[in-house]
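Asks: sequence and computational prediction follow.
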Amino acid sequence: MSERLKGTLTKHLAGRGVIIWAGMAILIAVSSSEFVTLLQEGFSGSSDVSIRGALVGVGLCVALALGFRWIAVSLGLFVAGAYFFLNDASLFFWTIVSFMVFASLAATVSARSVRGLFLTLTVAWMVQFGIQAGSDAVLLVALVPLTLLAYFLTRSIYVLREKNTEAVRQMQKAQQQTQLAIERERKNIARDLHDIVAHDITIVVMQSKAAKFANDGQMALETLDVISKLSSETLHDLRLMLNVLRADGTMSDEAGSAVDKPAATTVYALQGVDLFAQRLRDANFKVTSTTDEKISELPRSAQTAIYRVMQEGTTNVIKHGAPDTSCTLELVSNGTEAVLEITNQIDVSGTKSKGLPEGGSGLVGMSDRMRAFGGKFSTRAEKGQWILRASIPF
């Protein structure tokens, strides 16, 4: 079944559509004997009741059909028809059926004013009928309770249906928000894993190469000590991250609570400057670092973002910077923004500059972090230097 056909059937056979189609079927059934009489006897040989019954049945069906598109018009036509044509007991069945059907239809209207107007005019018709009909007013004994029953029963079902629909809508919205949060958190975890692992493993690789080619035994031992400490930090960071992912907390690192050094999971930005400046020195870069105590006023989440950008920027310096050269690591406030700037020298020999990051997931991740806080991120090569600049507004 095509989606278009399914949507059409759902529209016409659910909720209000059920009332309209069922009402039309009942009115046709009630009027069927009158139509048979008209076909057999003709207008001249048929009674006034048969003619009126057939015409009223057709008119009410047309008014009901309009309810698919213009429900207020449908109700208005019925009320007008009731005042003009349903004014005696000769059309007993048409009166009972039509008032029940249109009362049910009115109960599905969201606008309270339309429902109120319909009920007011219906009551007015019943009062008028009771005054003018004389002995035929006994019809109201059945009409009034059946009409009220049809209205209030349908209204109760419709309100319950609306509440269920709203509940389903809210559930779907919650599911979408949950899925969005999961995807966002998955992206954040992937980005953090990249920052931690890429940074630390890069330094381990560089230090391993330095230890391999070191001619001084003491220098080799110092390099291996750096590798050992960094590997411990990395393992500690990964365990803490896995503990976040484990609902039961079984991956908690109890020994890690005694570690007071600023590992990658300690995301205070000012401590990050000291940590990453030292790691650059360990990689044989001459580092000049500058900090501003006002940075500590930033929210923890903003400091985390700056810390991660600093971490990835340090990784890029170690991977792509010209070895044994100077670099700067600056984290200051200019009044309205916290500004991180990392510079390092690059090899510009040959026809193409060497040692430039290629704009992979690391640069994309840094840019995403800054945009999430309404900040800015940029990188550029200028006069033999690679300059990374990131900012977050206070």
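Replies: All right, it came through fine.

Asks: quick one: secondary structure of residue 53?
Replies: Using DSSP: H, G, I helix; E, B strand; the rest coil, the secondary structure recorded for residue 53 is helix.

Asks: tell me, how many residues neighbour it?
Replies: 25 (other CB atoms under 10 Å). Bear in mind the C-beta positions are built from the backbone N, C-alpha and C, glycine included.

Asks: any idea how far residue 34 is from it?
Replies: As defined by CB to CB, to the nearest Å, residue 53 lies at a distance of 4 Å from residue 34.

Asks: low-confidence ranges in the stretch 151-300 of the chain?
Replies: 185-186, 188-200, 210, 213-216, 233, 236-238, 240-267 (pLDDT under 70).

Asks: how close does residue 321 sit to residue 386?
Replies: From residue 321 over to residue 386 the distance is 7 Å, taken as CB to CB.

Asks: what's the local residue count around residue 182?
Replies: Neighbours of residue 182 (other CB under 10 Å): 10.

Asks: where does it sit, in terms of helix or strand?
Replies: Assigned by DSSP states H and E, residue 182 belongs to helix 139-213.

Asks: what's that helix packed up against?
Replies: On a contact count with 3 or more CB pairs under 8 Å, 6 or more residues apart in numbering; DSSP states H and E, helix 139-213 meets helix 92-107, helix 112-132, helix 217-245, helix 269-282, helix 300-320, helix 361-372.

Asks: need the ones you listed in JSON lines (columns: distance to residue 73 and mean neighbour count).
Replies: Listed next are the helices and strands packed on helix 139-213 as JSON lines, based on distance: least, CB to CB, whole Å; neighbours: other CB atoms under 10 Å:
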{"stretch": "helix 92-107", "distance to residue 73": "12", "mean neighbour count": "22"}
{"stretch": "helix 112-132", "distance to residue 73": "11", "mean neighbour count": "15"}
{"stretch": "helix 217-245", "distance to residue 73": "59", "mean neighbour count": "15"}
{"stretch": "helix 269-282", "distance to residue 73": "66", "mean neighbour count": "21"}
{"stretch": "helix 300-320", "distance to residue 73": "56", "mean neighbour count": "23"}
{"stretch": "helix 361-372", "distance to residue 73": "52", "mean neighbour count": "18"}
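
Asks: residue 174: which of those helices is closest?
Replies: Relative to residue 174, the nearest member of those by CB to CB is helix 217-245, separated by 21.9 Å.

Asks: any weak-confidence spans in the stretch 1-150 of the chain?
Replies: Low-confidence segments of the stretch 1-150 of the chain, defined by pLDDT under 70: 1-14.

Asks: let's see it at 80
Replies: 1-15, 38-49, 87-90, 133-136 (pLDDT under 80).

Asks: just to revisit the earlier point, relative orientation of the helix holding residue 182 and helix 269-282 in degrees?
Replies: Computed by axes from the mean of the first three to the mean of the last three CA atoms, to 10 degrees, the angle separating helix 139-213 from helix 269-282 equals 30 degrees.

Asks: which residues touch residue 90?
Replies: Contacts for residue 90 (CB atoms under 8 Å, 6 or more residues apart in numbering) come out as 49, 52.

Asks: could you redo the last one with a cut-off of 6 Å?
Replies: residue 49 (CB atoms under 6 Å, 6 or more residues apart in numbering).

Asks: in a helix, it, correct?
Replies: Yes: secondary structure of residue 90 (three-state DSSP): part of a helix.

Asks: hey, C-alpha coordinates of stretch 145-156 in PDB?
Replies: What follows is stretch 145-156, C-alpha atoms only, in PDB (Å, rounded to 0.1, in the frame of the first residue of the first chain):
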ATOM      1  CA  PRO A 145     -30.600  12.000  26.600                       C
ATOM      2  CA  LEU A 146     -29.400  10.300  23.400                       C
ATOM      3  CA  THR A 147     -28.000  13.600  22.000                       C
ATOM      4  CA  LEU A 148     -26.200  14.400  25.300                       C
ATOM      5  CA  LEU A 149     -24.900  10.800  25.500                       C
ATOM      6  CA  ALA A 150     -23.500  11.000  22.000                       C
ATOM      7  CA  TYR A 151     -21.900  14.400  22.600                       C
ATOM      8  CA  PHE A 152     -20.300  13.700  26.000                       C
ATOM      9  CA  LEU A 153     -19.200  10.100  25.100                       C
ATOM     10  CA  THR A 154     -17.600  11.200  21.900                       C
ATOM     11  CA  ARG A 155     -16.000  14.200  23.600                       C
ATOM     12  CA  SER A 156     -14.500  12.000  26.300                       C
END
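
Asks: that concludes my questions; thank you for your assistance.
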